[in-house]
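Participant: build me a structure from this.
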Amino acid sequence: MARKKFSQAQNAPFVMTMKPGRYAWCSCGESRKQPFCDGNHEETGMFPVVVHIDHEQEVRWCGCKSSESAPWCDNTHLKFLEGGE
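Facilitator: Below is the predicted model of the structure:
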């Protein structure tokens, strides 16, 4: 069985094609608009990570909220899968 560190997180990246713009990645795992912030972090003491994307590109947003390369996936989610530790 897979474990999750945060309530709205997932054990996989959010792979998306992003257009140029400003994005606020949810770092607390409480947003219901994953992988982006919806303001539900107020009581967590955590804040979103704001990034600017200059050109359209495919990105791998961290879904487990534990990446050392946040907001980008570095495959840390694999340790939350059964037998991954």
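Participant: please make it C-alpha for all contacts and neighbour counts, starting now.
Facilitator: Noted.
Participant: in the chain, where is pLDDT below threshold?
Facilitator: When residues are selected by pLDDT under 70, those of the chain lie in 1-5, 82-85.
Participant: how about the strands in it?
Facilitator: 14-18, 21-25, 49-53, 57-61 (DSSP state E).
Participant: burial count for residue 55?
Facilitator: 10 (other Cα atoms under 10 Å).
Participant: touching, it and residue 20? I think so.
Facilitator: Yes: Residue 55 lies in contact with residue 20 (Cα atoms under 8 Å); the separation is 4.8 Å.
Participant: closest one to residue 81 among the strands of the chain?
Facilitator: Nearest to residue 81 among these is strand 14-18; the distance by Cα to Cα comes to 16.5 Å.
Participant: what strands flank the closest one, and is each parallel or antiparallel?
Facilitator: strand 57-61 (antiparallel) (DSSP bridges).
Participant: quick one: contacts of the partner strand?
Facilitator: Residues outside strand 57-61 that contact it (Cα atoms under 8 Å, 6 or more residues apart in numbering): 13-19, 25, 35, 70-73.
Participant: out of those residues, the closest to residue 6 would be?
Facilitator: Using Cα to Cα, these come closest to residue 6 at residue 35, 12.3 Å.
Participant: ok, the closest one - how many residues close by?
Facilitator: 27.
Participant: can you tell me how far it is from residue 9?
Facilitator: Shown here: residue 35 relative to residue 9, a distance of 8 Å by Cα to Cα, to the nearest Å.
Participant: overlap in contacts, the two.
Facilitator: In contact with both residue 35 and residue 9: residue 63, using Cα under 8 Å, 6+ apart.
Participant: which residues sit in contact with residue 65?
Facilitator: With contact set as Cα under 8 Å, 6+ apart, residue 65 has these partners: 5-6, 9, 26-29, 71.
Participant: mind doing that once more with 6 Å?
Facilitator: Residue 65 makes contact with residue 27, according to Cα atoms under 6 Å, 6 or more residues apart in numbering.
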